[in-house]
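Engineer: Quick one, what's the 3D model for this:
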Amino acid sequence: MKRFLFIVTGLIILVIGCSKEKVKPSINTNISSEELPDQESWNSTVFFTDSGKTQAILWAGHLRVFGNTNTTLLDSNIKVDFYNNKEVKTTTLTAKRGKVDENTNNLYALDSVVAINDSGVVIKTDEMMWRNKDRKIVSDKYVTIVSPKEKIEGYGFESDQNLRNYVIYDITYITNADSVK
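Structural biologist: Residues are numbered from 1 along each chain as shown. Here you go, the predicted model:
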């Protein structure tokens, strides 16, 4: 009797489970496939190298790669360490977000950008770009540079990636080191 009850119960469960009604998940049709990244990563590290030598290392909390635009978007506080020809770290750049143009490997740092080199030069701006082809850091935004010798503010900036040789194109303020302290 128990065996018969067990078999009947099993058949009832099997029949109920095999009903024709299928549950389909809802699909959000408001998002196109072009808006979705091809790749996505969290807590990522990206190396920029030339002839086997490290030029820069990028860290990003959230990274999204879009193949259709050849762009990588960086979020969640990014950090980039730049290295000289002897692969010694010379400069660190931080920003809240950024992007990389995959065609040129140019890096765009956006929002609260700060670059600091190993000799104490600090540069602050809203936007900055590292040009891969000539390894220059440039900005056309308002820039503040504080060094052990001076403080300079102005619009438009260009420097080597080590922040040793820099130029501000439209200086609005300059003072010597004694006034900075």
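
Engineer: Give me the sheet partners of the host helix or strand of Ile168 and which way each runs.
Structural biologist: Element membership for Ile168 (DSSP states H and E) is strand 166-176. Here strand 166-176 is paired, per DSSP bridges, with strand 150-160 (antiparallel).

Engineer: hang on, the earlier thing: distance from the chain centre to the strand holding Ile168, please.
Structural biologist: Between the centre of strand 166-176 and the centre of its chain there are 28 Å (C-alpha atoms, centre = their mean, to the nearest Å).

Engineer: buried residues in that strand?
Structural biologist: Tyr166, Ile168 (16 or more other C-beta atoms under 10 Å). From N, CA and C alone the C-beta is placed, and that goes for glycine too.

Engineer: Repeat that for stretch 71-88.
Structural biologist: Buried positions in stretch 71-88, judged by neighbour count with 16+ other C-beta under 10 Å: Thr71, Thr72, Leu73, Leu74, Asn77, Ile78, Lys79, Val80, Phe82, Tyr83, Asn84.

Engineer: now Ile78: how far from Lys24?
Structural biologist: Distance of Ile78 to Lys24, given as C-beta to C-beta, to the nearest Å: 40 Å.

Engineer: Spell out, range by range, the strands that occur in this structure.
Structural biologist: 39-50, 53-66, 71-75, 78-83, 89-95, 97-101, 106-117, 122-131, 136-146, 150-160, 166-176 (DSSP state E).

Engineer: Dump those to JSON lines, plus distance to Ser32 and mean pLDDT.
Structural biologist: Listed next are those as JSON lines, based on distance: least, C-beta to C-beta, whole Å; pLDDT from 0 to 100:
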{"stretch": "strand 39-50", "distance to Ser32": "17", "mean pLDDT": "90"}
{"stretch": "strand 53-66", "distance to Ser32": "12", "mean pLDDT": "92"}
{"stretch": "strand 71-75", "distance to Ser32": "16", "mean pLDDT": "93"}
{"stretch": "strand 78-83", "distance to Ser32": "27", "mean pLDDT": "93"}
{"stretch": "strand 89-95", "distance to Ser32": "29", "mean pLDDT": "94"}
{"stretch": "strand 97-101", "distance to Ser32": "20", "mean pLDDT": "94"}
{"stretch": "strand 106-117", "distance to Ser32": "24", "mean pLDDT": "94"}
{"stretch": "strand 122-131", "distance to Ser32": "28", "mean pLDDT": "94"}
{"stretch": "strand 136-146", "distance to Ser32": "32", "mean pLDDT": "94"}
{"stretch": "strand 150-160", "distance to Ser32": "38", "mean pLDDT": "94"}
{"stretch": "strand 166-176", "distance to Ser32": "41", "mean pLDDT": "91"}
